[in-house]
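S.K.: What follows is a predicted structure for the sequence shown.
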Amino acid sequence: MAKLLYRLGRWSFLHKWKVIVAWLLLLAAVGGAAALLMKPMTSEFSIKGTPSIDATYKTMDLFPEGGNPANSPSVNVVFKASDGQKLSDPANREAIDATISYLEDNLEMGDTTRFGNPLEVSPRLQDQVIHQFTDMGLPEASARADADNLAMVNDDETIAYTTFNFDAESPYSVDQADKDTVTEAMNIARDRGLTVEGNGAGFGDEIAVNSTSEIIGLGVAFFVLIFTFGSLVASGMPLVSAVIGVGLGALGMLISTHWIELNNMTPVLAIMIGLAVGIDYALFILSRYRAERRRMDGPNAAGMAVGTAGSSVVFAGATVFTALFALLIARIGFLTAMGLAAAGTVAITVLVSLTLIPAMLGLLGDKAFNGRIPGVAGNPTRKGKRRRGPTMGNRWVRLVQKVPGLAMALVVLSLGAMTAPVLQMELALPADTTSNPDTTQRKAADIMSEGFGPGVNGPFLALVDAHTVNAESGALAPLVDAQSQPEPAPERAPEPDAEPAPEAPAPEEAVPEDAAPEDVAPEDAAPAQPQQDQPAAEPEIAPAAEVVDTAEGDADNASPEDKAALASFLYTANQLKSLGGVKHAQIVGLSEDKRAAQIMVTPETSPTDAATVNVAHALRSATGEIEDATGTEIGLTGLTAVQLDITERLEEAMAPYLAIVVGLAIVLLLLVFRSILVPLVAGLGFLLSVGGAFGLTVLVWQEGLWNLVPAPGPLISFMPIFLIGVTFGLAMDYQVFLVTRMREHISRHPEGTGGRYSAVDEATITGFTQGARVVTAAAIIMISVFVAFINQPLPFIQIFGFALAAGVLFDAFFIRMTLVPATMFLMGHATWWMPKWLAKILPTLDIEGTALEEEWEAKHATPAPIPADEEEE
């Protein structure tokens, strides 16, 4: 491969205009295709094949009149009175009326069942619940429990909300003008002294991506490159190469949206990773060209740089690509798309680096390193003096050589201690409850939690399919018998000015108290939709009026299966509401054929609380027992159910994924370095760096260390596996670029050069000295690019940037530049040991370009080896 890359680099140098024009034309063509073919991206995190999503799709089949429950453009407008006041005070009531009137006059709405002044709508709906259920002979206490759970005004009348849907197909098709109308309406009540906030799936902010992150990253990278090359011209070339590579990758993603739906965070992560590796790869090739140019002409130096450093770039890029591609193991759609997009961008940046860098070198010729800055990167000062003596990298590695045991212990203990917080890591999906505290979505969720309990922001929805119900079930027998033995309903005097309640059929009047009658929802009551903090998969609860419509049949004429089906719904609701951590459970919808029901289960804790995850586990366990007892099929959907499925899916994928990436690292490094211990140290070091990055991320973003972030909370669910993949690829970059220099020296001088160091120590010091500057620069550039993305407005992008920066910091400086040389000093000759039988069967991968070097040196004078305590300039 090295010889092939040598010819590619030399050809690119000599045919510079062909290469440059080809890349520019390709960029223009891809840009034009993107403009013609691209479609809008979605903010939905698409997930398929999980139990909760399967239940959502089944809900669509059994309740087709409700449409796609994942595409409800719902809005909640939440009101809160000032301290010492109530919303029912005349001035506050008028303020709410003004907001409601403005919305009615200026906005086209979809579902408005629960829309209006909540001070009027909520009592009416609650009264309907109580009247209907008590008139059917059901216990008043149970009816009031259902009514209270659907309340839109809290007990002390300080917090209330109203709900409606935009007249749009989905939350992603809502016009910004309509959202602005809602904001204008909220401002009316705000100006009159009320606190008014809004949230819901249809009222999410447009996801904005700050372009300043890329600009900051490029700016810092340029500054670091200046100190690396000491040249303004050379410092700009890696940036040009990286921008073109990332641009092609991003435009390619836009083209793919014509056929594939992508989450709008996919390009952000791909750009972040592609920009970092693109600059680094170009840096490695350019740095090697500068070293080779001292002994070769331009074309041969470019060919040698691409053949040696370029081989390492291909290998490193392949490991990054493989690690990201392996995210397929998780079997989560949006995560796979992110991994493939980032992997494709990395592949393109590798191709651009291998060809465009030598082409630009051919174009610039001897001016490639012009614009020299005096006294920087080995340049002479203005007085003509040149810095002499060992470099900082050389001094560092010789310090490690003196105390290798202490260095290794410090790294292992410090990163081991940093890993401890991982045991308290909590994961969640993006939601209103995890948004930044200054957003109206987060404020609305907090107010709803204060007024109606944390569970209102993320109820579960249990779907009971009774098409397979066991009519002979002993658990259902009491409820089935009650439907055939009606009891007279208690008489109830009508309230003044109230419409008479519909006459209830005898069968429903006969349902006994222990049948959980509160599980039946009222006629005309709006769906108790879990509209706050909905991910894309959050289902919408079906209209409750269906329950009453279904109850209006003659139980005596109903088939045993129909009676058993209704009994199974009541039995399920009664069982679920008795679980610890469940605030309430009630039926909120029946299918047209009366064989399926939706049961809303409201937990006592918020959707991102660890206790709610325990409730989800309890619900899953309970529904399994109910299925066995009744013969029904029960599915669980809702925000926390989806979150639980994702977490469990990722937990299942974590072990095989780690085995693949670590195993891949060990096998590839075994082939490259032909050593047993070097790959093992690299793999274990990777685990330490990832553990430390996880731990620090948990401390800062979840636990709120030193109040560095405004809203500490659970981390994004898919961050761990994605961070492992990216960090693994980047870790192998530094391992390859640093250790290949050591391998080169030990291959050429297996017995050393006769200095004061052993052959292994000499190779370690020499290789480290030669590669330390470029690896340090590459790490600082990558860290800077990732840190710059903390400037993004979305919390989980900020967390990704922070975690990746921490991972690179720990891996580059703690592992590759401290632990790796320290273990080599300790292991001595065992460092490069491999059993003879294994050496014979393993293929040889020459990513150092040793054969290429030897071929060239056979035709030219061999340069003297570089002493271990001097810098390669």
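M.R.: Okay, I see it.
S.K.: where does the stretch 501-650 of the chain have low pLDDT?
M.R.: For the stretch 501-650 of the chain, the stretches with pLDDT under 70 are 501-557, 639.
S.K.: Just the helices from it, written as ranges.
M.R.: Using DSSP state H, counting those that start in this stretch, the helices of the stretch 501-650 of the chain run over residues 506-509, 545-551, 560-577, 610-630, 639-673.
S.K.: Off-centre distance for the third one?
M.R.: Taking the mean C-alpha point of helix 560-577 and that of its whole chain, the gap between them comes to 39 Å (C-alpha atoms, centre = their mean, to the nearest Å).
S.K.: Alpha carbons only: can I get that helix in CSV?
M.R.: C-alpha atoms of helix 560-577 as CSV (Å, rounded to 0.1, in the frame of the first residue of the first chain):
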residue,chain,number,x,y,z
PRO,A,560,-68.8,-13.5,26.4
GLU,A,561,-65.7,-12.2,24.6
ASP,A,562,-67.1,-8.6,24.6
LYS,A,563,-67.7,-8.9,28.3
ALA,A,564,-64.3,-10.4,28.9
ALA,A,565,-62.7,-7.6,26.8
LEU,A,566,-64.3,-4.8,28.9
ALA,A,567,-63.5,-6.7,32.1
SER,A,568,-59.8,-7.0,31.0
PHE,A,569,-59.6,-3.2,30.5
LEU,A,570,-60.9,-2.5,33.9
TYR,A,571,-58.8,-5.3,35.5
THR,A,572,-55.6,-3.9,33.8
ALA,A,573,-56.2,-0.3,34.9
ASN,A,574,-56.9,-1.5,38.5
GLN,A,575,-53.7,-3.6,38.6
LEU,A,576,-51.5,-0.8,37.1
LYS,A,577,-52.7,1.9,39.4
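S.K.: Now do that helix and helix 610-630, the angle between them.
M.R.: 150 degrees (axes from the mean of the first three to the mean of the last three C-alpha atoms, to 10 degrees).
S.K.: Looking at the helices of the stretch 501-650 of the chain, spot the one closest to residue 297.
M.R.: Nearest to residue 297 among those is helix 639-673 (29.6 Å), distances taken as C-beta to C-beta. The way it works is simple: take the backbone N, C-alpha and C, and place the C-beta from them, glycine included.
S.K.: buried stuff in the closest one?
M.R.: Buried residues in helix 639-673, counted by 16 or more other C-beta atoms under 10 Å: 639-650, 653, 657-658, 660-662, 664-666, 668-670, 672-673.
S.K.: returning to that earlier point: out of the helices of the stretch 501-650 of the chain, flag the one nearest residue 354.
M.R.: That would be, of those and by C-beta to C-beta, helix 639-673, which comes in at 18.5 Å.
S.K.: Distance to residue 157 for the helices of the stretch 501-650 of the chain - can I get that in JSON lines?
M.R.: As requested, the helices of the stretch 501-650 of the chain are exported to JSON lines (distance: least, C-beta to C-beta, whole Å):
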{"stretch": "helix 506-509", "distance to residue 157": "33"}
{"stretch": "helix 545-551", "distance to residue 157": "27"}
{"stretch": "helix 560-577", "distance to residue 157": "26"}
{"stretch": "helix 610-630", "distance to residue 157": "28"}
{"stretch": "helix 639-673", "distance to residue 157": "28"}
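S.K.: Once you drop chain neighbours, what's closest to residue 94?
M.R.: The spatially closest residue to residue 94, leaving aside those adjacent along the chain, is residue 192, at 7.6 Å (C-beta to C-beta, 6 or more residues apart in numbering).
S.K.: quick one, strands of the chain?
M.R.: With DSSP state E as the criterion, the chain has strands at 74-80, 159-165, 195-199, 427-428, 460-465, 582-590, 596-603, 633-637, 715-716.
S.K.: now the ones you listed as a markdown table including distance to residue 125 and mean neighbour count?
M.R.: Listed next are those as a markdown table, based on distance: least, C-beta to C-beta, whole Å; neighbours: other C-beta atoms under 10 Å:
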| stretch | distance to residue 125 | mean neighbour count |
| --- | --- | --- |
| strand 74-80 | 16 | 27 |
| strand 159-165 | 11 | 25 |
| strand 195-199 | 21 | 24 |
| strand 427-428 | 31 | 24 |
| strand 460-465 | 19 | 27 |
| strand 582-590 | 13 | 26 |
| strand 596-603 | 15 | 28 |
| strand 633-637 | 24 | 23 |
| strand 715-716 | 37 | 24 |
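S.K.: Need those in CSV (columns: distance to residue 744).
M.R.: Formatted as CSV, these follow (distance: least, C-beta to C-beta, whole Å):
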stretch, distance to residue 744
strand 74-80, 63
strand 159-165, 66
strand 195-199, 59
strand 427-428, 44
strand 460-465, 60
strand 582-590, 65
strand 596-603, 61
strand 633-637, 58
strand 715-716, 41
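S.K.: Which parts of this structure belong to which domain?
M.R.: Domain assignment for the chain, taken from automatic domain parsing, gives 2-37+207-398+645-848, 46-67+459-637.
S.K.: I'd say residue 305 and residue 285 touch.
M.R.: Yes. Between residue 305 and residue 285 a contact is recorded at 5.2 Å, counting by C-beta atoms under 8 Å.
S.K.: what sits in contact with each of these two?
M.R.: residue 358 (C-beta atoms under 8 Å, 6 or more residues apart in numbering).
S.K.: who's more crowded, the two?
M.R.: Shown here are residue 305 and residue 285; by other C-beta atoms under 10 Å, residue 305 has more neighbours (31 against 27).
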